[in-house]
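Participant: model the following, please.
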Amino acid sequence: MKTLGLLGGMSWESTTTYYQEINRRVRHVKGGLHSARCIIFSFDFEDIANLQHDGKWAEAGLLLNDAATKLRLAGADAIVLCTNTMHFVSHGVEKSSQLPLLHIVDSTAEQILASGYKSVGLLGTRFTMEKEFYKGRLAQKYGLRVLIPDEADRDAVHSIIYDELCNGIVKEQSRQAYQKIIGELAEAGADCLLFGCTEIGLLVRESEAGLPVFDTAKIHATAAADWAMADEA
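Facilitator: Okay, the predicted model is just below:
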């Protein structure tokens, strides 16, 4: 089994989900006492979040590149970036680490298309919803129509992620706010929902969403586990 290098801590709440889902997948496929070979580099998210909100994306990207290189030196065979937003500055990871980056959008988009959906409602941080690195990849590479909330709702979605979910806080009023926004995306033509932030699954379950849900954290983690187990003798 190949070794996965996880870039985590953004936030550690979602990194916990990644570690659990990767190992559950390996145990499901291989049985017995099998678990995944993983090396984790976990950031202090306060440092990353400050760079994000100050617009210092280049500096944030250099931190990713450096950490990915350390994971290679520690024995990783591929990099798994355990967050959606930081894929915005993931373009230097492969060159710096000399390892493949298992991109979160690719595994998610492939599953959406395989399920027959064409119009996606995207929820995530403001950065993920507004910048082209994410919705542009979904549209240009995979031909998906991407719908996002209006500006006021984007503010609400973003603040709930950073002020509550990244701190492990789950509020009923925030769940209701998300459900209202999801309903508006459905009215606008979304036929499925993409949780483009690895923390959103902590707040809204698929049974509560009213649309088919694609949870990027779980999809990405499962795809990473499958990659690690592929081509075994």
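Participant: where do the helices of this structure begin and end?
Facilitator: 12-30, 45-53, 57-74, 93-97, 104-114, 126-130, 132-142, 151-163, 172-187, 206-209, 216-229 (DSSP state H).
Participant: among those, which is the most enclosed?
Facilitator: Counting by mean count of other C-beta atoms under 10 Å, helix 216-229 has the highest mean neighbour count of these, with a mean of 22. For every residue, glycine as well, the C-beta is placed using N, CA and C.
Participant: how close does residue 180 sit to residue 209?
Facilitator: 12 Å (C-beta to C-beta, to the nearest Å).
Participant: gap between stretch 18-27 and the chain center?
Facilitator: 15 Å (C-alpha atoms, centre = their mean, to the nearest Å).
Participant: equivalent analysis for stretch 74-91, please.
Facilitator: 10 Å.
Participant: again with stretch 40-48
Facilitator: 15 Å.
Participant: could you work out the end-to-end span of that stretch for me?
Facilitator: Terminal residues of stretch 40-48 lie 16 Å apart, using C-alpha to C-alpha, to the nearest Å.
Participant: could you do stretch 23-40 as well?
Facilitator: Rule used - C-alpha to C-alpha; the end-to-end distance of stretch 23-40 is 13 Å.
Participant: what sits up against that stretch?
Facilitator: 1-6, 8, 15, 19, 22, 71, 74-76, 221-222, 225-226, 228-229 (C-beta atoms under 8 Å, 6 or more residues apart in numbering).
Participant: what do you get for stretch 60-77?
Facilitator: 2-7, 39, 41, 43, 47-48, 51-52, 79, 81, 86, 89-93, 95-99, 101, 228.
Participant: same question for stretch 116-136.
Facilitator: 52, 84-85, 87-88, 105, 112, 138, 143-149, 154-155, 157-158, 161-162, 178, 181-182, 185-186, 188-197, 200, 211-212, 214.
Participant: now do the most centrally placed residue in the chain against residue 22, distance only.
Facilitator: A centroid search over the chain (C-alpha atoms, centre = their mean) returns residue 84, at 3.7 Å, as the residue closest to the centre. Distance, residue 84 to residue 22, using C-beta to C-beta: 17 Å.
Participant: swap in residue 212?
Facilitator: Residue 212 is 23 Å from residue 22, by C-beta to C-beta.
Participant: again, but for residue 98
Facilitator: Applying C-beta to C-beta to residue 98 and residue 22 gives a distance of 22 Å.
Participant: what does residue 213 give?
Facilitator: Counting by C-beta to C-beta, the gap from residue 213 to residue 22 is 20 Å.
Participant: repeat for residue 136
Facilitator: 28 Å.
Participant: equivalent analysis for residue 183, please.
Facilitator: Distance from residue 183 to residue 22, by C-beta to C-beta: 33 Å.
Participant: lowest mean pLDDT among the helices and strands, pick that one out for this structure.
Facilitator: helix 206-209 (a mean of 81; mean pLDDT, DSSP states H and E).
Participant: low-confidence ranges, the protein, go.
Facilitator: 232-233 (pLDDT under 70).
Participant: 50 - rerun?
Facilitator: 233 (pLDDT under 50).
Participant: hang on, residue 94 packs against residue 102?
Facilitator: No - shown here, residue 94 and residue 102 do not form a contact pair, counting by C-beta atoms under 8 Å, at 10.4 Å.
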